[in-house]
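Asks: Could you work out the structure for the sequence below:
(one chain, ligands or ions: 1)
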Amino acid sequence: MEKRSKIALITGGSRGLGKNMALAVAKNGLDVLITYNANQQAADEVVAEIKSMGQNAAAFQLDTSDISNFAAFVSTISAYLLEETGSSKIDYLVNNAGTALYAPVSDTTPEQMDAIFNIHFKGVFFLTQQLLPLINDGGGIVNISSGLTRIAMPGSSVYGSMKAAVETLTRYLAKELGSRKIRANVIAPGAIATDFGGGRVRDNEEINAQIASVTALGRVGLPDDIGGVVAFLCSDEAFWVNAQRIEVSGGQAI
Ligand code: NDP
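Replies: Below is the predicted model of the structure:
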């Protein structure tokens, strides 16, 4: 009988780091569900690329900043998985979707804080909660934080604080889910050249050069620097890695 591929669900898999994670996880032999917020075409292209690699994939729309969407989303993917695999279970959840905020403490508005809280903490918390029944025992959760929980960069107080909350949440998840042999870890990328924040790390020469100059490996990060590490965590080889914050930054600001 054909062995069933394990399945990873990656939020924000249409672009940037999430796309790279989806491709890396598929390269490791997993099937992949990705979510996107607005860019269905980009998500469909990721699905097509994964299918061309011989793994199954599907994309679903989900605004992870609005928890009122989550029950319907869980029903939709449960029905899809049941139809495709005979079971509504997944093995790995990667909470990656996110947006940027650059605002000094003196200028930050309550609305800006709410937006970042909703997408980077409240959404991560309740999506994980609602997906817990779907995650197979022995599976794993990977949350995406940021180097900015360690490095205080002016303008990133709210963003860095919400990511710090996710790091603490991850240790609680590891503790509470250990009885189900579900691991929870955090990847904290350094500055990576993606569309994030208007593409500033990739497209702003000054910022790009400044980050490269304080990074031991001498350049900013690229999506390819991240996906393989997430794919490793979504594997049995990483079973004994639990409750860890793994910074993947090329040695930024050490
Ligand atoms: P990108 O801007 O390149 O991609 C963002 C992804 O998140 C897209 O797939 C996008 O979907 C999705 N997304 C955006 N808003 C929402 C929403 N409201 N609901 C659901 N999905 C949404 O960002 P990155 O790939 O660079 O960032 C991914 C993660 O990595 C984020 O959590 C970010 O905080 C973190 N990170 C990024 C760093 C960097 O320097 N790039 C450094 C450290 C951490 P769509 O295509 O449909 O818009």
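Asks: Need the three-state assignment for the residue of the stretch 51-200 of the chain found nearest the ligand.
Replies: Per C-beta to the nearest ligand atom, residue 98 is where the stretch 51-200 of the chain lies closest to the ligand, at 2.6 Å. C-betas here are computed from N, CA, C, even on glycine. Of the three states, residue 98 takes coil under DSSP: H, G, I helix; E, B strand; the rest coil.
Asks: Then residue 64?
Replies: coil.
Asks: hang on, isn't the residue of the stretch 51-200 of the chain closest to the ligand packed against residue 118?
Replies: No - when contacts are counted by C-beta atoms under 8 Å, residue 98 is not listed as touching residue 118 (10.8 Å).
Asks: out of the two, which sits in the more crowded spot?
Replies: residue 98 (25 against 18; other C-beta atoms under 10 Å).
Asks: Low-confidence regions, this structure specifically.
Replies: 1-3 (pLDDT under 70).
Asks: How about the residues of it by the ligand?
Replies: 11-12, 14-18, 36-39, 42, 62-65, 96-99, 119, 144, 146, 189, 191-192, 194-196, 201 (C-beta under 6 Å from any ligand atom).
Asks: among these, which ones are buried?
Replies: 11-12, 14-18, 36-37, 39, 42, 62-65, 96-99, 119, 144, 146, 189, 191-192, 194, 196, 201 (16 or more other C-beta atoms under 10 Å).
Asks: Torsion angles phi and psi at residue 35?
Replies: phi -110, psi 160 (degrees, to the nearest 10).
Asks: what bridges to it?
Replies: Beta-bridge pairing for residue 35 (DSSP bridges): residue 60.
Asks: 885 is where my numbering starts, stick with that
Replies: Noted, 885 is the first residue going forward, which turns the last one into residue 919.
Asks: Assess the claim that residue 939 and residue 889 are in contact.
Replies: Yes - counting by C-beta under 8 Å, residue 939 does reach residue 889; the two are 6.4 Å apart.
Asks: Identify the contacts common to these two.
Replies: In terms of C-beta atoms under 8 Å, 6 or more residues apart in numbering, residue 939 and residue 889 are both contacted by the residues 913, 914, 915.
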